Structures are given as C-alpha cells and as structure tokens.
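S.K.: test case, fold it:
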Amino acid sequence: MICKLYKWNGRFIQGDLISQHKTQALALKKAKKEIEFKFSVKEKGKNETLIWLDDKDHDPIGVIVCKK
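M.R.: Take a look at the predicted model:
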C-alpha cells in the first residue's frame, strides 16, 4: 500500500504532493506536522482509501490517498 499526502494549493485540494508513505499511520503523523488539521474523514473504496483533512471550520485543506 502506498499513501500520498497532498496539501491544498489555493486551487485544488489534491494540489501539492507533500510526501509518500507505506502506511496510513505514517501519513497521518506527517499530516499533523505539515498541515495542522482538526478533523479527518475516511472514505473506503475498492482500490483506494481517501482520508480528507479539514480545518476547524470543516473546510478541506488536504487529503491522503492510499492505493492498494
């Protein structure tokens, strides 16, 4: 599994690639340092898992995309 951490670049939520990780836990740890989100929502699909990262007003500011 490869997880990619993206940060909002002012135009797209999946804008700037911050880092790649082998596990969701490592990606979330890096996101806490880099993005400083307050809420996260996980969506599971067949081949990928999305973890949406929101600020205190529930505005999306990043996403973690994990593909199997």
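S.K.: roughly how far apart are the residue lying farthest from the centre of the chain and residue 13?
M.R.: When each C-alpha in the chain is compared with the mean C-alpha position (CA atoms, centre = their mean), residue 46 comes out farthest, at 17.8 Å. In this structure, residue 46 lies at 21 Å from residue 13, with CB to CB, to the nearest Å as the measure. Any C-beta I mention is one placed from the backbone N, CA and C, and that applies to glycine too.
S.K.: hang on, the earlier thing: secondary structure element for the residue farthest from the centre of the chain?
M.R.: Per DSSP states H and E, residue 46 falls between elements, in no helix or strand.
S.K.: excluding residues flanking it in the chain, which one is nearest residue 38?
M.R.: residue 56 (4.6 Å; CB to CB, 6 or more residues apart in numbering).
S.K.: ok, residue 37 next?
M.R.: Using CB to CB, 6+ apart and skipping the chain neighbours, the partner closest in space to residue 37 is residue 53 (3.9 Å).
S.K.: which other helices and strands contact the helix or strand hosting the one you found?
M.R.: In this structure, residue 53 sits in strand 48-54 according to DSSP H and E. With contacts defined as 3 or more CB pairs under 8 Å, 6 or more residues apart in numbering; DSSP states H and E, the packing partners of strand 48-54 are helix 24-34, strand 39-44, strand 60-67.
S.K.: contact partners of it?
M.R.: The set of residues that contact strand 48-54 without belonging to it, under CB atoms under 8 Å, 6 or more residues apart in numbering, is 13, 24, 27-28, 31, 35, 37-43, 60-68.
S.K.: do the same with stretch 60-68
M.R.: So stretch 60-68 is in contact with 1-8, 13-14, 18, 24, 27-28, 31, 35, 37, 47-55, going by CB under 8 Å, 6+ apart.
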